[in-house]
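S.K.: Build me a model:
(one chain, ligands or ions: 2)
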Amino acid sequence: MALVEVEQLEKIYPLGGNAFGGKAKGEVRAVDGVSLTIEAGETLGLVGESGSGKSTLGRLILRLIEPTSGVVRFDGRDLTSLSSREMRRARRDMQIVFQDPFGSLDPRFTVEQIITEPLVIHERLDRKTLRQRAEELIRAVGLDASALPRFAHEFSGGQRQRIGIARALALRPRFIVADEPVSALDVSVGAQIVNLLRDLQREFSLTYLFISHSMPVVRYLATRIAVMHHGKLVEMGRTEQITSAPRHDYTRTLLNATPEIRF
Ligand SMILES: Nc1ncnc2c1ncn2[C@@H]1O[C@H](COP(=O)(O)OP(=O)(O)OP(=O)(O)O)[C@@H](O)[C@H]1O
Ligand SMILES: [Mg+2]
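M.R.: Ligands and ions are numbered 1, 2, ... in the order given. Coordinates of the predicted model:
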């Protein structure tokens, strides 16, 4: 069953306009008529060169930004028609993991505060239950409960990414957009995070949109691969099919551009 359905999604940004009524000089079609589905339990890998529209598409699906036109359905519900109150509830099911584990965690908060913040906002829990949930979450991502009272800046990039993932898991979402979650990390640390994401997918029945410019990583994780180029989907298919018999020249270029990395 399709958990996410995207129909003719479009995001157009005006180019070169200014706040004083200066006329925009053209437009950027960041996402240009994309339609796709993501099946429950699968990982859809989204690849494409820098600026091809991957992050914009991921954020449109989560409705972190508003589309210029098009429809996003989550579990059969049209997200673009929800009120902000309904959207807040729907958002519990849909989380994002960011590329930059340094910028995405607030340095003034302890790890416990960071990972339980979504619970504090959305659920009324007493302190003891919150602490229990924090301990469960931090262990689920392979860290120890001793991390909880510490601050994010005390941790390495890989550990920070684990903390970011724990936070994303706090509300037990069904769908996670991972936007280049390992691009800022060393290859070996990145491989551990990729394996963690794969294990968590099984444990928590997650569906992923996994955005990356690395074909080897996507090939390892993804059930299917979608290839973006200048805001358009140029190719989509099962991982074996895309990697062994790409139909589009652009996909071939991407496959040739990335060296093999073994996990
Ligand atoms: N807020 C914005 N205002 C104007 N243009 C934007 C905005 N956000 C994105 N764009 C433009 O939309 C296009 C797609 O950007 P996007 O960030 O989605 O690409 P990407 O595939 O995620 O790239 P990268 O691999 O570098 O992360 C780019 O041309 C970008 O400059
Ligand atoms: Mg991006």
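S.K.: Pull out the buried residues from stretch 128-139.
M.R.: 130, 133, 134, 137, 138 (16 or more other C-beta atoms under 10 Å). All C-beta spots, glycine's among them, are computed from the backbone N, C-alpha and C.
S.K.: Can you name the residues that contact the first one?
M.R.: Contacts of residue 130 were listed using C-beta atoms under 8 Å, 6 or more residues apart in numbering, and they are 116, 119, 120.
S.K.: Likewise for the second one?
M.R.: By C-beta under 8 Å, 6+ apart, residue 133 lies in contact with 116, 119, 125, 170.
S.K.: Where is pLDDT lowest across those residues?
M.R.: Among those, residue 125 has the lowest pLDDT, at 90.
S.K.: What is the neighbour count of the nearest residue to residue 218 once chain neighbours are set aside?
M.R.: Leaving aside its chain neighbours, residue 218 sits nearest to residue 45 (3.5 Å; criterion: C-beta to C-beta, 6 or more residues apart in numbering). Neighbour count for residue 45, taken as other C-beta atoms under 10 Å: 26.
S.K.: hang on, the earlier thing: which of the contacts of residue 133 sit farthest apart?
M.R.: Pairwise distances across the contacts of residue 133 (C-beta to C-beta) peak at 10.9 Å, for the pair 125 and 170.
S.K.: Need the overlap of contacts for these two.
M.R.: Both residue 125 and residue 170 are in contact with 119, 133, where contact means C-beta under 8 Å, 6+ apart.
S.K.: Looking at those two, which one has more neighbours?
M.R.: residue 170 (23 against 14).
S.K.: From the buried residues of stretch 128-139, pick the one nearest ligand 1.
M.R.: Proximity of the buried residues of stretch 128-139 to ligand 1 was ranked by C-beta to the nearest ligand atom; the top entry is residue 137 with 27.4 Å.
S.K.: Residue 172 is in contact with that closest one, correct?
M.R.: No. The pair residue 137 and residue 172 fails to qualify as a contact (C-beta atoms under 8 Å) at a distance of 10.0 Å.
S.K.: Return the residues in contact with residue 104.
M.R.: By C-beta under 8 Å, 6+ apart, the neighbours of residue 104 are 98, 164.
S.K.: actually residue 232, not the one I typed
M.R.: Counted by C-beta under 8 Å, 6+ apart, residue 232 has contacts 32, 33, 34, 53.
S.K.: how near is it to residue 67?
M.R.: 15 Å (C-beta to C-beta, to the nearest Å).
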